[in-house]
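Novice: next one to model:
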Amino acid sequence: MTSVPPRSTAVSAPRRVAAATLVGTTLEWYDFMLYGTASALIFGKQFFPSLSPAAGTLAAFSTFAVGFGARPIGGLLFGHFGDRFGRRTTLVVSLILMGVSSTLIGLLPAYASIGFWAPVLLVVLRLAQGVGLGGEGAGATVLSIEHAPPGRLNRYASFPQMGTPAGLILANAMFLGTSALLSDAAFLSWGWRIPFLLSVILVVVGLVVRLRVTESEEYAGLLRRGEVSAFPLRDALRVGLPRLTLILLAAVATSAVVYIFMVFTLTYGTKTLGFNRDFLLAGVIVAAVVWCATMPLWGALGDRIGTARVFLAGTAALLAWCAVYFPLLNTGDRVVVFLALIGMGVVLPISHSVGGIIIADLFPAAVRYSGTSLIVQISVILGGGLAPLIATALWTAGAGSGAIAWYVVAVCAISLTSTFVLFWVLPRHASRTVARAASTEPEAEPAPVR
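Specialist: Numbers count the residues shown, from 1 in each chain. This is a model prediction of the structure:
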């Protein structure tokens, strides 16, 4: 009997890590986006019933933004321990924290039952969600990058990024399915809790996959040589304020557009344009499928022509589509609106697929988790955390969708300019990470990120 030779560890390890980062980030974004969808559709009535519908929605989005305020805390906390003691353990803890918080939101009594304490506890659990997610995105990207084989860095780095649309698909599909099975009264009363409670099952699945992951050889080498940083955040800041500021501004646009699309579209489409909630959820789900499915393709293109070129093109595409997105929605035509949503699913993955590696590449391995977390979480606050809040405030004030469109276009223009300055005006920066992305030979001469 001939035995089957074992699969090469060198081949299987990167794929196993890619799968683990995708599953983990998907589950974390599922939990996080459940809250965003519920903020748009549910929480105003359940936790802020004494306010007007518009004010209740604004209050619900304010609690949504609170989670973004907690994300830097999680990013710095998990980043520190991830650089000091290893990426794998910190990512397991972040997954548990997010899952427990989401499950408790599903069990939280509404305002009618416990009054003032309902919104207070909602904010506390939202803060815990933010801390958990703050430690996830950057860590998963770093883990995937450090395990990626030479010449395929962008493709593997795109897998944890795919967790955002995949989590959005799951979250909206759960809301859509629950809403379809229940009457409106039952869904608004208790049915919305079901997707949150299912987080328990999803977290168990995520832990089974994630616990099989090992540390990267790059990080293990730091441990063996005693080169782990005692204060990784301090050392990460040595990259320099100009580059840190530019990469921060470059990352803002993708974050802002993601949350305008995923969260504010639901509120605007139902309350201003009068579309059925299920129609919009279905449109967002289909767009997210396109978004998720095409990310590896853009990552592969980044490996061929350069990471920065793909990122710059993606940011320009975001600017162009944001300029027409709300006018298309305002037509009120269901076909046109559906195409507007699909179009967003086409342009979003271009910059998003390589956004993580653009940031992580600035930092050496010893401080990569902390440095990446810092930039990612601040950019998310400035972009994603404030975007639904600002858009809702403009809408509530009667400024109209034109003002919202100009706001998002301006954010994209800032990111486009910052990207060009960082990679085409400032002196080229090269690193071992970029060299691995540009060459199939580990010891090749470093190539610029662009």
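
Novice: poorly predicted segments of this structure, please.
Specialist: Residue ranges of the chain with pLDDT under 70: 1-12, 40, 50-52, 54, 56-57, 61, 63-64, 427-450.

Novice: in the helix or strand hosting L95, which residues are buried?
Specialist: If you go by DSSP states H and E, L95 is part of helix 87-107. Neighbour-count burial for helix 87-107, counted by 16 or more other CB atoms under 10 Å, picks out 87-88, 90-92, 94-95, 97-106. Glycine gets a C-beta too; all of them are placed from N, C-alpha and C.

Novice: could you report the neighbour count for L223?
Specialist: Look at L223: counted by other CB atoms under 10 Å, it has 12 neighbours.

Novice: what does L143 give?
Specialist: Using other CB under 10 Å, L143 has 31 other residues around it.

Novice: G345 versus that one, what's the distance?
Specialist: In this view, L143 and G345 are 26 Å apart by CB to CB, to the nearest Å.

Novice: what are the phi and psi values at the closest residue to G402 other than its chain neighbours?
Specialist: Spatially, and ignoring its direct neighbours in sequence, G402 is nearest to F326 (7.3 Å; CB to CB, 6 or more residues apart in numbering). Phi and psi for F326, reported as degrees, to the nearest 10, are phi -70, psi -40.

Novice: so what's I375 up against?
Specialist: For I375, the contact set (CB atoms under 8 Å, 6 or more residues apart in numbering) comprises 244, 247-248, 251, 359, 362.

Novice: so where does the spatially most central residue of the chain fall, helix or strand?
Specialist: When CA atoms, centre = their mean is applied to the chain, the residue found nearest the centroid is T164 (4.8 Å). Element membership of T164 [criterion: DSSP H and E] is helix 163-181.

Novice: in that helix, what's buried?
Specialist: Within helix 163-181, the residues that count as buried by 16+ other CB under 10 Å are 163-176, 178-179.

Novice: run the chain-centre distance for that helix.
Specialist: With CA atoms, centre = their mean, to the nearest Å as the basis, helix 163-181 stands 16 Å off its chain's centre.

Novice: and for stretch 336-346?
Specialist: Distance, stretch centre to chain centre, for stretch 336-346: 20 Å (CA atoms, centre = their mean).

Novice: quick one: residues in contact with it.
Specialist: Outside stretch 336-346, the residues touching it (CB under 8 Å, 6+ apart) are 165, 257, 261, 265, 269, 273, 275, 280, 283-284, 286-291, 294, 321, 324-325, 328-329, 331.

Novice: can you do 6 Å?
Specialist: Outside stretch 336-346, the residues that touch it by CB atoms under 6 Å, 6 or more residues apart in numbering are 261, 283, 287, 290-291, 321, 325, 328-329.

Novice: could you check the distance from the residue nearest to G402 over to F264?
Specialist: 10 Å.

Novice: neighbour count winner among the two?
Specialist: Applying other CB under 10 Å to F326 and F264 shows that F264 carries more neighbours, namely 24 against 21.

Novice: quick one, what contacts that one?
Specialist: By CB under 6 Å, 6+ apart, the contact list for F264 reads 388, 391.

Novice: would you agree V257 is in contact with L318?
Specialist: Yes. V257 lies in contact with L318 (CB atoms under 6 Å); the separation is 5.3 Å.

Novice: what packs against the helix holding T164?
Specialist: Where contact means 3 or more CB pairs under 6 Å, 6 or more residues apart in numbering; DSSP states H and E, helix 163-181 is packed against helix 9-41, helix 277-305.

Novice: neighbours of R210, how many?
Specialist: Each residue near R210 was counted by other CB under 10 Å, and the total is 22.

Novice: can you pull the contacts of it?
Specialist: So R210 contacts 20, 24, 92 (CB under 6 Å, 6+ apart).

Novice: how about the contacts made by the first one?
Specialist: Just to be clear, that refers to A20. A20 touches 209-210, 213, counting by CB under 6 Å, 6+ apart.

Novice: next: the second one.
Specialist: With contact taken as CB under 6 Å, 6+ apart, G24 is in contact with 95, 140, 206, 210.

Novice: next up, the contacts around I378.
Specialist: I378 touches L248, counting by CB under 6 Å, 6+ apart.

Novice: what separation is there between it and L386?
Specialist: In terms of CB to CB, I378 sits 12 Å off from L386.

Novice: coming back round to it: from the contacts of G24, which ones fall inside helices?
Specialist: Members of the contacts of G24 lying in helices (criterion: DSSP state H): 95, 140, 206, 210.

Novice: picking that back up, export the contacts of I375 to CSV and tack on distance to L233, neighbour count and secondary structure?
Specialist: What follows is the contacts of I375, written out as CSV (distance: CB to CB, whole Å; neighbours: other CB atoms under 10 Å; DSSP: H, G, I helix; E, B strand; the rest coil):
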residue, distance to L233, neighbour count, secondary structure
L244, 12, 20, helix
I247, 16, 23, helix
L248, 15, 19, helix
A251, 18, 27, helix
I359, 15, 25, helix
L362, 14, 23, coil
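
Novice: contacts for the helix holding L95, please.
Specialist: Residues contacting helix 87-107 (CB under 6 Å, 6+ apart): 24, 28, 31, 78, 81-82, 125, 128-129, 132, 135-136, 139, 143, 193, 196-197, 199-200, 203, 206, 210, 213, 215.

Novice: just the buried ones from those?
Specialist: By 16+ other CB under 10 Å, those give 24, 28, 31, 78, 81-82, 125, 128-129, 132, 135-136, 139, 143, 193, 196, 199, 203, 206, 210, 213, 215 as buried.

Novice: just to revisit the earlier point, isn't the residue nearest to G402 right up against W406?
Specialist: No. Using CB under 6 Å, F326 makes no contact with W406, being 9.7 Å away.

Novice: what is the burial count for L394?
Specialist: 18.

Novice: list the contacts of it.
Specialist: The neighbours of L394, taking CB under 6 Å, 6+ apart as the test, are 403-404.

Novice: quick check, distance from the helix or strand hosting G75 to the centre of its chain.
Specialist: Element membership for G75, per DSSP H and E: helix 53-85. How far helix 53-85 lies from its chain's middle: 12 Å, per CA atoms, centre = their mean.

Novice: cool, stretch 389-400 as well?
Specialist: Averaging C-alpha positions (CA atoms, centre = their mean) puts stretch 389-400 24 Å from its chain's average.

Novice: show me what counts as buried in it.
Specialist: Neighbour count says stretch 389-400 has 389-395 buried, by 16+ other CB under 10 Å.

Novice: please apply the same query to stretch 314-331.
Specialist: Buried residues in stretch 314-331 (16+ other CB under 10 Å): 314-319, 321-322, 325-326, 328-330.
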